[in-house]
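1. After the sequence you'll find the predicted model.
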Amino acid sequence: MALITGAGRGIGRATALALARRDVHCLLLDRTPGSPEATEQAIRQETGRTATILPFDLTDREAMLRIGPSIGQRFGRLDLLVHAAAPFMPLAPLTHLRDADHDRAVAGRLTATMALLRACTPLLQAAASPAAVILTNGFLAEQAPWRSLTAPSEAAVQALVHVWEQEQAEYGLRVVLHDPGPCATRLRAQYFPAETQALQADLTSPDEAADIIAGLCLGPASAV
């Protein structure tokens, strides 16, 4: 049983398909109407398996309070968590940013990750060999010009995950912070709109990134 955030497109969608191919039942969390349904249809067509659609917004605090009990009542546990959802945060000098930009960055990255981990922790604790893969972005984490929103947000998420990992060590939860590197995704295209087709061809595809993430989830001897 795996919960994948951002499962409607890009690396999240590809990871859901990669896990489904490995006989994992996937819970597809995405806030974009129609996108998790499209992933579920792709899983059904390719593998014959079904998936569970969770049309939640990670920034909706009331919804995130419901998601843990909802999964618990239906499935009882969560073996795997893949947090692939990532908001677009503007690249701009600090003096050009608005309060609204800051608030969206904090809500979409740090607060959303905290709410997700809080909701999933009891479910992961109920599993025999739980694992969580949290995606990060080295480019956005750089302490470089125009990263006034992204660098602090990524640093905060990494700190949060490291603290959570230590808290969950007694439960045998395996936690991986993973940077898939430059990938040909919609999010990257938002940051690099002028990137040429030739450069796009050199990027890691979502499918290639997903195969690595699936391996990090399952490990050499895991059964889900």
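-> Cool, the structure landed.
2. Next, the buried residues of the helix ranked longest in the chain.
-> In the chain, taking DSSP state H as the definition, the longest helix is helix 150-167. By neighbour count with 16 or more other C-beta atoms under 10 Å, helix 150-167 contains the buried residues 150, 151, 152, 153, 154, 156, 157, 160, 161, 164, 165. Quick note: C-beta positions are derived from backbone N, CA and C, even for glycine.
3. Closest one of those residues to residue 70?
-> residue 164 (21.2 Å; C-beta to C-beta).
4. what's the closest one in contact with, if anything?
-> 117, 121, 175 (C-beta atoms under 8 Å, 6 or more residues apart in numbering).
5. re the thing from before, following the chain onward from the longest helix of the chain, which element is next?
-> strand 174-178 (DSSP states H and E).
6. which residues touch the helix or strand that that following strand is followed by?
-> Note on strand 174-178: by DSSP H and E, the next helix or strand toward the C-terminus is helix 186-191. Applying C-beta under 8 Å, 6+ apart, the contact partners of helix 186-191 are 9, 10, 86, 88, 91, 139, 182, 195, 203.
7. quick check: mean pLDDT across helix 186-191?
-> Here helix 186-191 scores 85 as its mean pLDDT.
8. mind saving the C-alpha coords of that helix as PDB?
-> This file holds the C-alpha atoms of helix 186-191, laid out as PDB (Å, rounded to 0.1, in the frame of the first residue of the first chain):
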ATOM      1  CA  ARG A 186       6.100  20.500 -16.200                       C
ATOM      2  CA  LEU A 187       7.600  22.100 -13.000                       C
ATOM      3  CA  ARG A 188      11.000  22.300 -14.600                       C
ATOM      4  CA  ALA A 189       9.500  23.900 -17.700                       C
ATOM      5  CA  GLN A 190       8.000  26.600 -15.500                       C
ATOM      6  CA  TYR A 191      11.400  27.400 -14.100                       C
END
